[in-house]
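Asker: Sequence and predicted structure are below.
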Amino acid sequence: MACVKVKKAITNYHDNIICFQKYEPTPPDGPKEDWATAFRNVYQEIEKIDHAIYNYSTFSKEIMKGAVNRNTIANWLKGKTLPGHREDVIKLGITAGYSETEMNKLLLAAGKSMLYIR
């Protein structure tokens, strides 16, 4: 907690201490999921929602709009690499209809910061 000493203009000047607490979202309960498992779950959830079976190429084109290569999709499912961009993880969570808690778990599994308000 950071504290700042300020002068407040009142009839007589008193030194006042004002403390500001930085907002940090609380991590979701439970063990942290590895990225391969988390991505596999979101991949399957998107398939259920769309009533489709996606290969890596189709998932890359239709779901990620070409922003992520099909080989990257394969590497994510195998747990070889993590997403390079937080926005890609958020897009996956939104597409899967994830709640805030589920989205934060997905972001943590990807090694990204949780959702926050600017």
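Answerer: That came in fine, so what should we check first?
Asker: so who does the residue positioned nearest the centre of the chain touch?
Answerer: Central residue check for the chain by C-alpha atoms, centre = their mean: the C-alpha nearest the mean position is that of residue 107, 3.0 Å away. The neighbours of residue 107, taking C-beta atoms under 8 Å, 6 or more residues apart in numbering as the test, are 86, 89-90, 93, 113-115. Quick note: C-beta positions are derived from backbone N, CA and C, even for glycine.
Asker: where do the strands sit along the chain?
Answerer: Taking DSSP state E to define them, one finds strands in the chain at 2-8, 14-20.
Asker: Output the longest helix belonging to the chain.
Answerer: Ordering each helix of the chain by length in residues (DSSP state H) puts helix 35-50 first.
Asker: what's that one packed up against?
Answerer: Applying 3 or more C-beta pairs under 8 Å, 6 or more residues apart in numbering; DSSP states H and E, one finds that helix 35-50 makes contact with helix 70-78, helix 86-95, helix 100-109.
Asker: tell me how far that helix is from the chain's mean position?
Answerer: A distance of 15 Å separates the C-alpha centroid of helix 35-50 from that of its chain, computed with C-alpha atoms, centre = their mean, to the nearest Å.
Asker: quick one: average confidence on that helix?
Answerer: For helix 35-50, mean pLDDT rounds to 96.
Asker: so who does residue 45 touch?
Answerer: By C-beta under 8 Å, 6+ apart, the contact set of residue 45 is 96-98.
Asker: Are any of those buried, and if so which?
Answerer: Among the contacts of residue 45, those scoring as buried are 96, 98 (criterion: 16 or more other C-beta atoms under 10 Å).
Asker: Reformat the contacts of residue 45 as CSV; add distance to residue 36.
Answerer: Supplementary listing: these in CSV, determined by distance: C-beta to C-beta, whole Å:
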residue, distance to residue 36
96, 16
97, 21
98, 17
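Asker: rewinding a little: of the contacts of residue 107, grab the buried ones for ChimeraX.
Answerer: The command below creates a ChimeraX selection of those among the contacts of residue 107 that count as buried (16+ other C-beta under 10 Å):
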select :89,90,93,114
